[in-house]
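Asks: Model the following, please.
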Amino acid sequence: MKAANEKRRLKDYEEIGLIGYPCDGEYIAVVDDNKCQGWLLGGELCGLNGAALVDQAAALPRYYPQGCRLVLATVRDDWIVAIRDYVPQANELPELPS
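Replies: Numbering: from 1, shown residues only. Sure thing, here's the model as predicted:
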């Protein structure tokens, strides 16, 4: 099996699930929990329409099954060149209403 972080061409169903594709760049995305395959189930170009990354990350998980995880995927010329786990920084966490 291929490693999840190996450079590979996007699959058709991954292209369809990425909002903002075919733009090159960083995508906040959801992947299945099978670390051997690392298929992108859907996501969005970071900063699309001025959205904050933390807000984009907060919205994605509700649309996907449990067991999925958030990642940052780098896409260049129809290729996934890197997939990294998304770990929000302390200063990025959204404020909860009191």
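Asks: Name the nearest residue to the most centrally placed residue in the chain, ignoring sequence neighbours.
Replies: Nearest to the geometric centre of the chain sits residue 29, at 1.5 Å (CA atoms, centre = their mean). Spatial nearest neighbour of residue 29, chain neighbours left out: residue 43 (2.8 Å); criterion: CB to CB, 6 or more residues apart in numbering. (Each C-beta comes from the backbone N, C-alpha and C, glycine too.)
Asks: okay but that neighbour is in contact with residue 25, surely?
Replies: No - taking contacts as CB atoms under 8 Å, residue 43 lies outside contact range of residue 25: 11.4 Å.
Asks: Between these two, which is the more surrounded one?
Replies: residue 43 (27 against 14; other CB atoms under 10 Å).
Asks: Three-state assignment for the more buried one, please.
Replies: strand (DSSP: H, G, I helix; E, B strand; the rest coil).
Asks: What is the neighbour count of residue 74?
Replies: By other CB under 10 Å, 15 other residues sit near residue 74.
Asks: pLDDT wise, what is it at?
Replies: Note for residue 74: predicted pLDDT of 95.
Asks: likewise residue 95?
Replies: Reported pLDDT for residue 95: 58.
Asks: which stretches of the protein form strands?
Replies: Applying DSSP state E to the chain gives strands spanning 8-9, 18-19, 25-31, 40-45, 69-76, 79-85.
Asks: which neighbours does the first one have in its sheet, and in what orientation?
Replies: When sheet partners are counted by DSSP bridges, strand 8-9 sits next to strand 79-85 (antiparallel).
Asks: what residues does the strand it pairs with touch?
Replies: 4-5, 7-10, 14, 31, 38, 40, 69-75 (CB atoms under 8 Å, 6 or more residues apart in numbering).
Asks: quick one on the thing from earlier: got JSON lines for the strands of the chain, with distance to residue 63 too?
Replies: Below are the strands of the chain laid out as JSON lines (distance: least, CB to CB, whole Å):
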{"stretch": "strand 8-9", "distance to residue 63": "24"}
{"stretch": "strand 18-19", "distance to residue 63": "11"}
{"stretch": "strand 25-31", "distance to residue 63": "8"}
{"stretch": "strand 40-45", "distance to residue 63": "7"}
{"stretch": "strand 69-76", "distance to residue 63": "12"}
{"stretch": "strand 79-85", "distance to residue 63": "19"}
